[in-house]
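Trainee: Below are the sequence and a predicted model for it; my questions follow.
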Amino acid sequence: MCEVAPILQARIVMLVDLDYFYAQCEERRNPSIKGKPVVVCVYSGRTEDSGAVSTANYVARKYGVKSGIPISLAKQKLKDVDAVFLPVDKEFYREVSDKIMEILRSHGDSFEQVGIDEAYLDVTQRTKGNHQEAEKLAETIKDDVLTRQQLTCSIGVGPNKLVAKIAADIQKPDGLTLVRPEEVESFLSPLPVRRLVGVGKKTEKKLETLGVRTVGQLARLDVQRLIEVFGRKLGTYFHNASLGIDDEPVQERSEPESVSRISTLKEDTRDLAVILDEAYRLCDEVHSRLFQQGLVYRSVSIYVVAGDLSVHSRSKTFENPTSDLETFRKTVKELYEKFLSESDVEARRVGVKVSNLTKKEELQKQITNFFGSSRH
Ligand code: DGT
Ligand code: CA
């Protein structure tokens, strides 16, 4: 009897990319700056304007302001314009990102966050492999993020991560681009090779010496020639990428070392009830993340960022791991009580964290191994 190889089901993968992320977070925090050029800067502190632009909104981009250029150059470009320059506030963007990632995670069969403002979703099962359904789902996700977190994003939909990522870049901001399997070749072939993940300036130059500028030209180049120039691994990758072939699964990166949430209070306070009100909400979010990933914890920490931005923390470690929400909340309460009795600072931001994480199944295995021999 001959064995029949299982036919792999065609996948539907999305890449969700938040638009001009840091600058959009700033617009959300202060809607009065919307419509003006907004430039988020990493000030190096040497002189008033030394440092680089982290990102800019699309109004500022029209003036040629973009990530990586010197702040002084951005100021020149926006000379006579009513523009807003702000310092990066990574903690705030992280807070917004965490909330949006939870929304995105709930829309995928599997989920993989990449960086602070992008995530892949495999939606094959929930759309039953149907592209129209996938398009509807992408619209729903965009609405959900906008309604619940007031941010726009751009989504690329394709048969794998490689195509989805390129598709997401085609229409921005607030875009949606769907590439069906039969459209992959015509979609990719006119694009410059730089669009492929892994092709930087150097590779682009090398490819140009081989007469290759577009993905289509790369696809027509003999794979052996690519291997000669770039080595087996990279050469094969470029060849497959040019054909839109990518089997990388959408999967959550390896277990986190800790899971934490931090949140800004309405006003600075030392009121335990107010602090706990927010901290318990954060506990619920952390706990639901642990549950989704099947993780148990052994340590709990609390954080307080004071009005002067100094950071304070307290921790407690248990002998045995647990996944219990009540234990988590009770420990958080104890730690905040301890902190307030020992310190006189007012809290501006509060946070909770669990660490010393293990997979629940791992724990189960250890217990079974331990008790296994005595249980007959
Ligand atoms: P987009 O996606 O083109 O609408 O614009 P962004 O700003 O979301 O750009 P993206 O997705 O490449 O990067 C996400 C965030 O990462 C961005 O809001 C700020 C930060 N970032 C990006 N490039 C740089 C950079 O060159 N320097 C620094 N400091 N931060 C950067
Ligand atoms: Ca982005």
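Mentor: Sure thing, it's come through. Ligands and ions are numbered 1, 2, ... in the order given.
Trainee: Give me the domain ranges for the chain.
Mentor: 13-19+92-184, 22-88, 192-242, 258-363 (automatic domain parsing).
Trainee: Switch those domains over to JSON lines, and while doing so, append mean pLDDT, mean neighbour count and distance to ligand 1 to every line.
Mentor: (Each C-beta comes from the backbone N, C-alpha and C, glycine too.) Supplementary listing: the domains of the chain in JSON lines, determined by pLDDT from 0 to 100; neighbours: other CB atoms under 10 Å; distance: least, CB to the nearest ligand atom, whole Å:
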{"stretch": "domain 13-19+92-184", "mean pLDDT": "96", "mean neighbour count": "19", "distance to ligand 1": "4"}
{"stretch": "domain 22-88", "mean pLDDT": "95", "mean neighbour count": "17", "distance to ligand 1": "3"}
{"stretch": "domain 192-242", "mean pLDDT": "94", "mean neighbour count": "15", "distance to ligand 1": "13"}
{"stretch": "domain 258-363", "mean pLDDT": "92", "mean neighbour count": "16", "distance to ligand 1": "19"}
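Trainee: could you redo the ones you listed as a markdown table and give each row distance to E252?
Mentor: Converted to a markdown table, these look like this (distance: least, CB to CB, whole Å):
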| stretch | distance to E252 |
| --- | --- |
| domain 13-19+92-184 | 6 |
| domain 22-88 | 24 |
| domain 192-242 | 19 |
| domain 258-363 | 7 |
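Trainee: Among those domains, which comes closest to P249?
Mentor: Of all the domains of the chain, it is domain 13-19+92-184 that lies closest to P249, at 7.4 Å by CB to CB.
Trainee: residues in contact with whichever residue of the stretch 101-250 of the chain sits closest to ligand 2?
Mentor: Across the stretch 101-250 of the chain, no residue is closer to ligand 2 than D117, which sits at 4.5 Å (CB to the ion). Contacts for D117 (CB atoms under 8 Å, 6 or more residues apart in numbering) come out as D17, L18, F21, S97.
Trainee: Retrieve the pLDDT associated with the third one.
Mentor: Here the pLDDT value assigned to F21 is 98.
Trainee: Surely it is in contact with G115?
Mentor: No. F21 is beyond contact range of G115, at 9.3 Å (criterion: CB atoms under 8 Å).
Trainee: which stretches of the stretch 1-150 of the chain form strands?
Mentor: Assigned by DSSP state E, counting those that start in this stretch, the stretch 1-150 of the chain shows strands spanning 13-18, 38-43, 51-56, 84-87, 110-114, 118-122.
Trainee: oh sorry, the question was meant for the stretch 201-350 of the chain
Mentor: Under the criterion DSSP E, counting those that start in this stretch, the stretch 201-350 of the chain contains strands at 258-269, 295-306, 311-322, 347-355.
Trainee: For beta bridges, what are the partners of A52?
Mentor: When assigned by DSSP bridges, A52 has beta-bridge partners V42, P70.
Trainee: residue contacts, it?
Mentor: Taking CB under 8 Å, 6+ apart, we find A52 in contact with C41, V42, S44, G68, I69, P70, I71.
Trainee: Can you tell me which of those is nearest V197?
Mentor: Looking across the contacts of A52 and measuring by CB to CB, the closest to V197 is G68, at 18.5 Å.
Trainee: ok, for that closest one, nearest residue in space, not its chain neighbours?
Mentor: A52 (5.8 Å; CB to CB, 6 or more residues apart in numbering).
Trainee: ok, now how distant is that neighbour from ligand 2?
Mentor: Going from A52 to ligand 2 by CB to the ion, to the nearest Å gives 17 Å.
Trainee: Would you mind confirming that S258 is in contact with K353?
Mentor: Yes. Using CB under 8 Å, S258 is in contact with K353, at 5.4 Å.
Trainee: Quick check: residues of the stretch 1-150 of the chain near ligand 2?
Mentor: Along the stretch 1-150 of the chain, the residues adjacent to ligand 2 under the rule CB under 5 Å from the ion are D17, L18, F21, D117.
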